[in-house]
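Trainee: Structure, please.
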Amino acid sequence: MTDIPSTHPITDMLDTPAFDEAYLELTRYAYTRARNAAEADEVVSDTVLAWMQDLRAGKCIENTAGYLRTVFERRLCDYLRRKYRREVELSDDGTILETIPDDTYPEERQQMLLEEEAVRKALGRLAAIYREVVYRHYVKGQRVETIAKALGVPVGTVKSRLSDGRGQMKETVTRHLQGETTPPSVRAAGEAMQKEQKNFTADTRPYSEVSYAPKRVTIGIWGNVSQKGEPFCYVESLIAQNILVLAYEKPISIRDLSAALGIPTPYVEHEVDILVRGEMMGRTPGGLVYTRIFMQTEEEGLGDVEAQEALAAEIAPALWRVMEEGLAHLWEDETSATRTYSPKQTATFRLMLANQMIGNLLFSPEMNMREPDVTPLPRPNGGCWLATGTVYEYGTELNAHKYSCSGPVRINYVKPPEREGELPMQMAMMMDYQSLFGTTHWNYRRMKYSFGLNEILKLYASFMTDTVKPADHRIFELIPEFEKMRILRRDDGDEIRLDIPAMTLAEWDRWEAALRSLVPAAMEAVGGPIKALIGRTVNRVPDHVDGRTAYLHTGAMGCLIPATMKAMADSGCIPDVVMGETPVILVVYNDGQERWVCP
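Mentor: Take a look at the predicted model:
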């Protein structure tokens, strides 16, 4: 830095680029040392005045920057001593070593601390578009024109955001100092929710219960999971889970989310951005955010358990007869993979067939469980799903009910094209049903290494075909854990084998087609009592939920599928089922067919 010559007239020095540079450096330093902008500006003015007086007195200043900084520190101490009557101890270079507060005016000091805390909290609660300009202008001291250029917006937009930001901060600070923590918008939303007596409610008060007793959310999907484990990977943090809870009933501002969670806005915005990109949440044109997936409590999701158990016991024999008669030709096929199954694999496959049959029946157009045109939506990274979040109160055990289940999650492994002009090829598929029959995908992430479902599918399929191999060989270290889950086993020669059913894509196509063809017969046999129970439950689902009509009767049949499967096992229709040791998983693989997948 070029020093300012002391021989120049004072007025000329103030108009030089060198002074501008020195003044700018001093100002930047002042904002790092002072408590606020007003304090920094006042002390900087005193510092410049002292500098001018020394120059007039003929003092030779060789290091202007160092001189200004030293004078600033001393003037700052003088300022603080005058304002708070503190004793200040300085080092030789002017650095504050220790400040000893004088409690002559403790009430004034306490009020100042409260005001500072309120301002910091208010700034942290501002949404990004307001926080950015307020921080740049009032904390960093940037001019409006500089901010507009940096952000690429008009000057008028910056001024408008500054005005809105000041207004919001004033409201927050006033409420804080008056002891009122609930913004009117949040309070009104909470009152409206109570009046409407909605099925699912969330406390959106600042520092509400979710800030110290966060709820837990588990995700289930209808459709196919995405290649990177979406949507499950989006809700691994408690912050993301509780954002979905708070934004479910109606769109909410980032500011109000931040207040309810008791977390500064920047951290909330980061989580919201991830959820919006992952299509778990959406944004209104006005910047409010809302949850796009269906949310329910565990009790709402299960429905009337006793009524469904009674219905399951009633319909299980008749439904089983429909399946046995309609699928007999496939069981008798000499080329079927089922001819090689062990008793456990056969029991597992029969459970999967029952699961698919009951699901096809429940969601057939005749049942009116959902509109016929509602289907899973295409998602990023090759997924196609609609998701449901189940909400658990703080401190309760997740999925503790015997009928808590998930899936079947359908996982596809698609091989990318090897040459230009080719299409991707389906190499393997897995249906994985977490239920009372056995532990599956809920336990995968608790293993020594955490792998996505796609990589686990590759492991399973590798036992059936050489064309599919896991990418990460560490997964083979987990074989003992898969053995404990009864998914893999060792044969008499100590070779590792699948302990779950597997078949080719072509054969599974035939079983699926046969199951779909049996829906009319199943409807005639057991449809009446099922429709009667469905009609007893009608949910209020927000308009912004994806596929909302699919969830109007969710909960009516929340545990009918596993209850009916259990009734079939208990009655002997499906023998060799050991509860907790018969995980319901089916692996399907490509045995050399050209199964092209349209992008």
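Trainee: now for the helix ranked longest in the chain, which elements pack on it?
Mentor: For the chain, the helix with the greatest residue count under DSSP state H is helix 305-331. On a contact count with 3 or more Cβ pairs under 8 Å, 6 or more residues apart in numbering; DSSP states H and E, helix 305-331 meets helix 343-362, helix 505-517, helix 519-534, helix 560-570. C-betas here are computed from N, CA, C, even on glycine.
Trainee: List the buried residues for the longest one?
Mentor: Meaning helix 343-362. 344-362 (16 or more other Cβ atoms under 10 Å).
Trainee: Same check on stretch 279-294?
Mentor: Buried, per 16+ other Cβ under 10 Å, within stretch 279-294: E279, M280, M281, G282, L288, V289, Y290, T291, R292, I293, F294.
Trainee: what about it, distance to the chain center?
Mentor: In terms of Cα atoms, centre = their mean, to the nearest Å, the centre of stretch 279-294 is set 12 Å apart from its chain centre.
Trainee: Please work out the average pLDDT along that stretch.
Mentor: Taken as a whole, stretch 279-294 carries a mean pLDDT of 95.
Trainee: Stretch 334-342 too?
Mentor: Here the average pLDDT along stretch 334-342 is 95.
Trainee: same thing with stretch 497-512?
Mentor: Averaged across stretch 497-512, pLDDT comes to 95.
Trainee: Check the separation of the first and last residues in it.
Mentor: 25 Å (Cα to Cα, to the nearest Å).
Trainee: got the contact list for the residue nearest to T554 when sequence neighbours are not counted?
Mentor: Nearest residue to T554 in three dimensions, chain neighbours excluded: N539, at 6.1 Å (Cβ to Cβ, 6 or more residues apart in numbering). By Cβ atoms under 8 Å, 6 or more residues apart in numbering, the residues touching N539 are N199, Q296, E300, Y551, L552, H553, T554, G555.
Trainee: three-state assignment of D591?
Mentor: coil (DSSP: H, G, I helix; E, B strand; the rest coil).
Trainee: Repeat that for V268.
Mentor: helix.
Trainee: That one reaches S253, doesn't it?
Mentor: No - applying Cβ atoms under 8 Å as the test, V268 and S253 come out as separate, 10.3 Å apart.
Trainee: So for those two, which residue has more residues nearby?
Mentor: V268 (25 against 21; other Cβ atoms under 10 Å).
Trainee: so who does that one touch?
Mentor: By Cβ under 8 Å, 6+ apart, the neighbours of V268 are I239, I243, I254, L257, S258, L261.
Trainee: Closest one to H329 out of those residues, please.
Mentor: I243 (51.3 Å; Cβ to Cβ).
Trainee: Let me know how buried the closest one is, in neighbour terms.
Mentor: So I243, with other Cβ under 10 Å, has 30 neighbours.
Trainee: likewise P214?
Mentor: Neighbours of P214 using other Cβ under 10 Å come to 17.
Trainee: same thing with E512?
Mentor: Count around E512 with other Cβ under 10 Å applied: 14.
Trainee: Quick check: it touching Q356?
Mentor: Yes - with contacts counted by Cβ under 8 Å, E512 reaches Q356, the gap being 7.4 Å.
Trainee: for the chain, what spans make up the strands?
Mentor: 87-90, 96-100, 216-224, 281-283, 289-291, 294-297, 377-378, 384-392, 406-415, 425-434, 488-490, 496-498, 502-504, 584-589 (DSSP state E).
Trainee: contacts for the fourth one?
Mentor: The list of residues contacting strand 281-283 from outside it, by Cβ under 8 Å, 6+ apart, reads I243, L244, A247, V272, L275, V276, V289, Y290, T291, R292, H544.
Trainee: So in that sheet, which strands flank it, and in what orientation?
Mentor: strand 289-291 (antiparallel) (DSSP bridges).
Trainee: and G167, how far is that from T174?
Mentor: 11 Å (Cβ to Cβ, to the nearest Å).
Trainee: can you list the weak-confidence ranges in the stretch 251-400 of the chain?
Mentor: Where the stretch 251-400 of the chain drops to pLDDT under 70, the residues are 369-372, 394-395.
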